[in-house]
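**Student:** Kindly return the folded structure for what I paste below:
(chains A and B)
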Amino acid sequence: QITLKESGPTLVKPTQTLTLTCTFSGFSLSTSGVGVGWIRQPPGKALEWLALIYWDDDKRYSPSLKSRLTITKDTSKNQVVLTMTNMDPVDTATYYCAHRTYGSGSYYTDYWGQGTLVTVSS
Amino acid sequence: DIQMTQSPSTLSASVGDRVTITCRASQSISSWLAWYQQKPGKAPKLLIYKASSLESGVPSRFSGSGSGTEFTLTISSLQPDDFATYYCQQYNSIGDTFGQGTKLEIK
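**Tutor:** The predicted structure is shown next:
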């Protein structure tokens, strides 16, 4: 079955760079139509989409955060890495990675990791 | 950016009620819309994709409709397990956007 798990620091200081790793199993990021995305959710607030990488290395970013984000994949390790520069307390959130696939004439995001809470504080 | 606006923000209803949540896109997204259910402390769960396709394993009391800029999620007969927060998500070739969420509360 498909599983994803986020890992990384729980606490970062303002201005630092955050690096999060999504380690997955049950699928390959070299399979046509497959992608892995990142979404975050500040405490008590709505979901915010961040970035997505596809099997062919096509990448998509949130326009409002594009200058701060980089998404990469390591197919051999079944990992996707998200980096976010210049962290600020407003970036405090639970960060999720999720599986995107293509089927029934549509892409859709079906499996999610459990999320990891990142706090930005000095 | 494509903005997604959900209404209402909060909805109070009783077990057995039929409820509808609306999501409007700032520009046409064809049928590239999904609905998720989220419970406190948990990851979102996919309910509907491509505006009206029911995800495998999701009860048939959930249904979605719409295209272009206006979409709805309907729960035909609320069950106790349905009280949660619901999000719409558009996904197009550029990127995704979520709505601000609708909290479904017990009346």
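**Student:** Which residues does the helix or strand of chain A with the lowest mean pLDDT contact?
**Tutor:** Lowest by mean pLDDT, DSSP states H and E among the helices and strands of chain A is strand A:106-112, with a mean of 92. By C-beta atoms under 8 Å, 6 or more residues apart in numbering or on different chains, the surrounding residues in contact with strand A:106-112 are A:2-4, A:33, A:35, A:37, A:39, A:96-101, B:31-32, B:34, B:43-46, B:49-50, B:53, B:55, B:89, B:91, B:96. C-beta: built from backbone N, CA, C; applies to glycine.
**Student:** excluding its backbone neighbours, what's nearest A:Ser25?
**Tutor:** A:Thr3 (5.3 Å; C-beta to C-beta, 6 or more residues apart in numbering or on different chains).
**Student:** check contacts around the one you found.
**Tutor:** Taking C-beta under 8 Å, 6+ apart, we find A:Thr3 in contact with A:Phe24, A:Ser25, A:Gly26, A:Tyr111, A:Gly113.
**Student:** and if you look at A:Pro63?
**Tutor:** A:Pro63 touches B:Asp1, B:Gly95, counting by C-beta under 8 Å, 6+ apart.
**Student:** Just give me the residue right at the centre of chain A.
**Tutor:** A:Trp38 (2.4 Å; C-alpha atoms, centre = their mean).
**Student:** touching chain B at all, the strand or helix carrying that one?
**Tutor:** Assigned by DSSP states H and E, A:Trp38 belongs to strand A:35-41. Yes - using C-beta under 8 Å from any C-beta of the partner chain, strand A:35-41 comes into contact with chain B via A:Gly37, A:Ile39.
**Student:** sorry, back to before: are any of the contacts of strand A:106-112 buried, and if so which?
**Tutor:** Buried residues within the contacts of strand A:106-112, counting neighbours by 16 or more other C-beta atoms under 10 Å in any protein chain shown: A:4, A:35, A:37, A:39, A:96-101, B:31-32, B:34, B:43-46, B:49-50, B:53, B:55, B:89, B:91, B:96.
**Student:** surely B:Tyr91 meets B:Trp32?
**Tutor:** Yes - using C-beta atoms under 8 Å, B:Tyr91 is in contact with B:Trp32, at 5.1 Å.
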